[in-house]
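A.B. asks: prediction below, plus the sequence it came from.
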Amino acid sequence: MKNHLVIYNTLTRTKEKFEPLNEGMVGLYVCGPTVYSDVHLGNCRTFISFDLIYRYLLHSGFKVRYVRNITDAGHLEGDRDEGDDKFEKKAKLEQLEPMEIVQKYTLGFHDVMREFNALPPSIEPTATGHICEQIEMVKQIISNGYAYEVNGTVYFDVEKYNKEFPYGQLTNRQLDDLIANTRELSGQDEKRGRLDFALWIKVKPEQIMRWPSPWGWGFPGWHIECSAMSSKYLGDTFDIHGGGMDLQATHHTNEIAQSQACNHKAPVKYWMHTNMLTVNGVRMSKTAGNGFLPGELFTGDHPLLEKGYSPMGVRFFMMQTHYRSTLDFSNEALQASEKGYARLMASIKTLENLKASARSTSDIKEIEKNCYDAMNDDFNTPILIANLFEASRIINSVNDNKETITGEDIISLKKLMHEFVFDVLGLKTETSNTASDKALQGVMEIILEIRKEIKARKDFAASDKLRDDLSKNNIIIKDTKDGSVWTIQE
RNA sequence: GGUCCUGUGGCCGAGUGGCUAGGCUCAGCUCUGCAAAAGCUGCUACAGCAGUUCGAAUCUGCUCGGGACCUCCA
């Protein structure tokens, strides 16, 4: 059940049987956010997808070291290897120190991840905390002959590298095609080749974020951090490297080149890429300006949003689409999955009080097998969820005395639902045990008892008024055969 | 322009050769004082054209549409 995991590997463009380099252990690296602004929902999708993958690997019994970096230096705007540093620019804008920008948006990112119930990674290294490692790596690449220095900036020599290794491997492209489609070098350009990229960049005089290096004061290029940190914590070759699809062509391609040039080893066995989140068919991105922030999503305070959506509803919405498919955002779709999610969670509650019978009319083992088959097939959460809804249907039918189930199967079902819904999909119920909640519970019991008496007298006008009044305060009463129940409407 | 992906019912979204995806919506029924919930039933789709095959949403070709990357972006 646990040993048939198949993963789609971008490198080979096929689904491959997952066999970790070290039995029972998995090294997982995911490119984290660049913390110069708030994360938008599209960013979140990637991290939520890998949270699911992390969770399922853990559930499958692997010991996982999950490294997700924080990029807090080295990202430039505009033209490649030129332009302003994003952190410095934002710092000027907000009248803060660059590291204040880093701190502010790192904390914001963590808050959002917590809202989405994403597990923290095992290690969350920062680029600025690993300048030495990056410098060492650049030195090694130079001494291996794949990089050159010009006026305090170090460039990676792509054409030379490509003579020995397939540079465009990850996107299935030939170097000639890549060169043909890249802008020409400008007259002042220091680079030898059009595709050459910076490993280390000389600072401008006004720049605050700077570090000493053998090539003078500067800062690392934006690809080298991931290579340096992944090899430091996971080794020169590790199991899974993930990130958004938009990183595939440039960032990840260059990561492979850097690591290969430095260590003479392919850095990653399985490359995994999550697809983009779109809004009305167009990719959500910072530059397109069609994104909204998680906070806006939760409150509904954005022109694109009809209402607020709970973090768990959004997480469930994302889980209903496979991670390699584009996910198109719309209010309608989000509201649809919100309802489905509520129904699924309601059935889990119902499961707690299910009555056992001598025999089962449904095959719980079969559902369990289907759930594992779905997840083992490249983390197919839509199919998993379809099966969970089947389980949910069974629970409700048993509750309605239309089907029966044995005590043993109830236990299996509870285990199944808990493990897949809470542990793997990472959903959670918003239950709390504060004093006021307990008091509310007590009060509601009293109210329901009073209403029961009113109903017994057939004073339906009074009982309906009570129900309506409670409803105005977001407390929903449902009269079932076995008495009344109440829920708080979110 | 180059490289690649994609087009599924009212909406979202799985599925890569034959077997019910699933969710939401809508309609009817059961239950019910009413409402809600829950269950059952129905709406049974694969852009178009041609081909391969006993059989195609699934493979091949063409046509049309949508998107991504090639410049920073998860």
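C.D. replies: Sure, I can see it.

A.B. asks: ranges for the helices of the stretch 301-450 of chain A?
C.D. replies: Applying DSSP state H, counting those that start in this stretch to the stretch 301-450 of chain A gives helices spanning A:311-319, A:331-351, A:364-376, A:381-399, A:407-417, A:435-456.

A.B. asks: look up phi and psi at whichever residue of the stretch 101-250 of chain A sits closest to RNA strand B.
C.D. replies: For the stretch 101-250 of chain A and RNA strand B, the shortest gap (CB to the nearest atom of the strand) falls at residue A:244, measuring 2.0 Å. Where C-beta positions appear, they are placed from N, C-alpha and C, glycine not excepted. Residue A:244 adopts backbone torsions of phi -70, psi 150, taken as degrees, to the nearest 10.

A.B. asks: my read: it touches residue A:277, true?
C.D. replies: No. Applying CB atoms under 8 Å as the test, residue A:244 and residue A:277 come out as separate, 9.5 Å apart.

A.B. asks: common neighbours of these two, please.
C.D. replies: Listed as contacting both residue A:244 and residue A:277 by CB atoms under 8 Å, 6 or more residues apart in numbering are residue A:42.

A.B. asks: in stretch A:437-447, which residues are buried?
C.D. replies: Within stretch A:437-447, the residues that count as buried by 16 or more other CB atoms under 10 Å are A:444, A:447.

A.B. asks: meant to ask about stretch A:276-284, not that
C.D. replies: Using 16+ other CB under 10 Å as the test for burial, stretch A:276-284 gives A:276, A:277, A:278, A:279, A:283, A:284.

A.B. asks: three-state assignment of the third one?
C.D. replies: The three-state assignment at residue A:278 reads strand, by DSSP: H, G, I helix; E, B strand; the rest coil.

A.B. asks: touching, it and residue A:328? I think so.
C.D. replies: Yes. If you go by CB under 8 Å, residue A:278 and residue A:328 touch, sitting 4.8 Å apart.

A.B. asks: ok so, going back, what strand or helix carries the residue lying closest to the residue of the stretch 101-250 of chain A closest to RNA strand B once chain neighbours are set aside?
C.D. replies: Nearest non-adjacent residue to residue A:244, counting by CB to CB, 6 or more residues apart in numbering: residue A:46, 4.7 Å away. In this structure, residue A:46 sits in helix A:41-59 according to DSSP states H and E.

A.B. asks: so that helix, near RNA strand B or not?
C.D. replies: Yes. If you take CB under 7 Å from any atom of the strand as the test, helix A:41-59 does meet RNA strand B, through A:42, A:43, A:45, A:46.

A.B. asks: out of the residues you listed, which comes closest to RNA strand B?
C.D. replies: Using CB to the nearest atom of the strand, residue A:42 is the member of the residues of helix A:41-59 next to RNA strand B that sits closest to RNA strand B, with 2.5 Å.

A.B. asks: what's near enough to touch the closest one?
C.D. replies: A:244, A:276, A:277, A:283, A:284, A:285, A:291.

A.B. asks: thinking again about what came up before, neighbours of the residue of the stretch 101-250 of chain A closest to RNA strand B, just the number please.
C.D. replies: 21 (other CB atoms under 10 Å).

A.B. asks: what is it paired to in the beta sheet?
C.D. replies: On the basis of DSSP bridges, residue A:244 is bridged to residue A:274.

A.B. asks: and it, what's its pLDDT?
C.D. replies: Listed pLDDT for residue A:244 reads 92.

A.B. asks: how about the contacts made by it?
C.D. replies: So residue A:244 contacts A:31, A:42, A:43, A:46, A:273, A:274, A:276 (CB under 8 Å, 6+ apart).

A.B. asks: pretty sure the fifth one sits against residue A:249.
C.D. replies: Just to be clear, that refers to residue A:273. No. Using CB under 8 Å, residue A:273 makes no contact with residue A:249, being 10.4 Å away.
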